[in-house]
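K.L.:
Return atomic coordinates for the entry below.
(chains A, B, C and D)
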Number of protein chains: 2
Amino acid sequence: MLKKTPDTENNFLKNYKRHEFATPLLSIDPVLFTYRFGQLRVLLVKRSNHPDKGLWGLPSGFVDMEHDETLEATALRKLYEKTHVKPPYLEQLYSFGNPSRDKCAWSVSIAYTALIAHQECQAYIETLSDTQWWSYETLDEIKLAIDHRQIIDFARERLRQKALYSIVPAYALSEKFTLPELQHLHEVLIGKKLPKKSFRRRIEQAELLIDTGEKQMDSGGRPATLYRMKETARHYTFIRNLEE
Amino acid sequence: MLKKTPDTENNFLKNYKRHEFATPLLSIDPVLFTYRFGQLRVLLVKRSNHPDKGLWGLPSGFVDMEHDETLEATALRKLYEKTHVKPPYLEQLYSFGNPSRDKCAWSVSIAYTALIAHQECQAYIETLSDTQWWSYETLDEIKLAIDHRQIIDFARERLRQKALYSIVPAYALSEKFTLPELQHLHEVLIGKKLPKKSFRRRIEQAELLIDTGEKQMDSGGRPATLYRMKETARHYTFIRNLEE
DNA sequence: CAAATAGTGTCTGTTAGACACTATATG
DNA sequence: CATATAGTGTCTAACAGACACTATTTG
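P.N.:
Prediction:
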């Protein structure tokens, strides 16, 4: 007969070797969007590691268990490596997992959606030869790594939904932006023209924006008012969705 | 000088040992809700393993990398163990992760929300001494394992949101249900009375339900019509939310 | 019959969309 | 001035909430 160690939590913890538990490989996949030249764009990186080395993909990474305190921290760390800024919007999107998505083994990807103004990081990105904005509409032209196309499509669809009931997409614009800019972005995301008066009215009624007093002078017509978002706007949802 | 193996994907895969990559421990935490005796209830299990052995918690489990083909499959497997049925509604909720949530090590929980009619599994659950429905309102009376209270609250809040813009909560009712039942469930989730006429009208206009022709005779008044959901109802969202 | 619950008819105030209008810039 | 873009005034059809009404059961 074996002499048994008492089954206390302390003894359990003492003997706990993580690697004795077979557990899927975990990666973090941030999908960073911006709005540039009238198009939705996504940040892609040329992969320097297997699998799918050499293909374009998301700026993925593994949790650094020594230093990362949260899953978000991992996402922010990977985004910082490629942009040198912290995006003003970051939200967990979905976790994808199956035995073959990564060829190697059962693996799980926790995807995040992030938004940023391209002006905030354009200069830094241009110093990197392996990193660039890619128009969402032209993604069909390239083969993306692993299941990253599926993840991007999932993020894109969620962002379309958010355009219907919030002004979260505004985080893909500069800190100061105009209502016509925001409306055009929403139109790109939703895929149809929106009635100007209604769009402006719902945002005005919700009191989501602050008039900076400044005007954007470069439009070749009447200058548009520059606004910035109130902090409350981040979590505000309209009672009524834009119609699809 | 070392003779280097060519850096091909094949060589990479050949040498790929998962356990050489330190990766967080991953568990799946399904939150199964039902509606019984006018209350929202959640399925809890007395934990037979550390950590927090002996406390009540969610019916958690690990991905079985030999047999589970998806993350959902793991959630369904754990729920089946405790209910012997497959719930009609299952949706990924959120992934929680940090270095201390599980005391042992960096760990990640992928939580799922599931809904079921208690009638579908009541008989089986009553055969298990370690499993029971717990009213959400009385969760304060017990200490839950690890961060399961936080996960349940997160799921509860998401379900409240869904009550505002969908009839997904109906999956917590029997396959055939009445409009007053559904309205009461929504009132519990949202935490306030709803105008009867408006509630009925929005569901009628959306054509989400099928009149079974049957009536529920036990209400002590005029019998209520029994409906079942169309499959389209699962993904339908109203253009206009119920007001909070 | 009264009591209880289910379900409807209808009025009213609010509001989204339509669209024509005004406002302010450039050249 | 014309052109371009920003932003507003206002009408109307649709509809959510209020609430009183009818309908159908039990006892």
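K.L.:
Count the neighbours of residue A:39 for me.
P.N.:
Using other C-beta atoms under 10 Å in any protein chain shown, residue A:39 has 15 other residues around it. Every residue, glycine included, has its C-beta placed from N, CA and C.
K.L.:
Who does it form a beta bridge with?
P.N.:
residue A:36 (DSSP bridges).
K.L.:
quick one: it and residue A:188 touch, right?
P.N.:
Yes. The criterion here is C-beta atoms under 8 Å, and residue A:39 meets it with residue A:188 at 6.9 Å.
K.L.:
Helix, strand or coil: sort out the residue in chain A positioned nearest to DNA strand D for me.
P.N.:
Going by C-beta to the nearest atom of the strand, DNA strand D is nearest to residue A:221 of chain A, at 2.3 Å. At residue A:221, secondary structure determined by DSSP: H, G, I helix; E, B strand; the rest coil is coil.
K.L.:
count of residues packed around it?
P.N.:
So residue A:221, with other C-beta under 10 Å, has 6 neighbours.
K.L.:
Quick check: the gap between it and residue A:215.
P.N.:
12 Å (C-beta to C-beta, to the nearest Å).
K.L.:
Repeat that for residue A:165.
P.N.:
Distance of residue A:165 to residue A:215, computed by C-beta to C-beta: 29 Å.
K.L.:
more neighbours, the two?
P.N.:
A count of neighbours by other C-beta under 10 Å puts residue A:165 above the other of residue A:165 and residue A:215, at 18 against 13.
K.L.:
Enumerate the positions of the one helix or strand residue A:162 maps to that are buried.
P.N.:
According to DSSP states H and E, residue A:162 maps onto helix A:148-165. Using 16 or more other C-beta atoms under 10 Å in any protein chain shown as the test for burial, helix A:148-165 gives A:148-149, A:151-152, A:154-156, A:158-165.
K.L.:
residue boundaries of the strands in chain A?
P.N.:
Secondary structure of chain A (DSSP state E): strands at A:25-36, A:39-46, A:56-57, A:89-98, A:107-115, A:131-135, A:177-178, A:209-216, A:224-229.
K.L.:
Could you see whether DNA strand D lies near the last one?
P.N.:
In this case it means strand A:224-229. Yes. Strand A:224-229 lies within reach of DNA strand D by C-beta under 7 Å from any atom of the strand, at A:224, A:225.
K.L.:
That strand versus strand A:209-216: what angle between them?
P.N.:
For strand A:224-229 against strand A:209-216, the angle by axes from the mean of the first three to the mean of the last three C-alpha atoms, to 10 degrees is 140 degrees.
K.L.:
do the fifth one as well
P.N.:
In this structure, strand A:107-115 runs at an angle of 60 degrees to strand A:209-216, with the same axes, to 10 degrees as the basis.
K.L.:
I'd say residue A:81 and residue A:60 touch.
P.N.:
No. With contact defined as C-beta under 8 Å, residue A:81 does not count as touching residue A:60 (11.0 Å).
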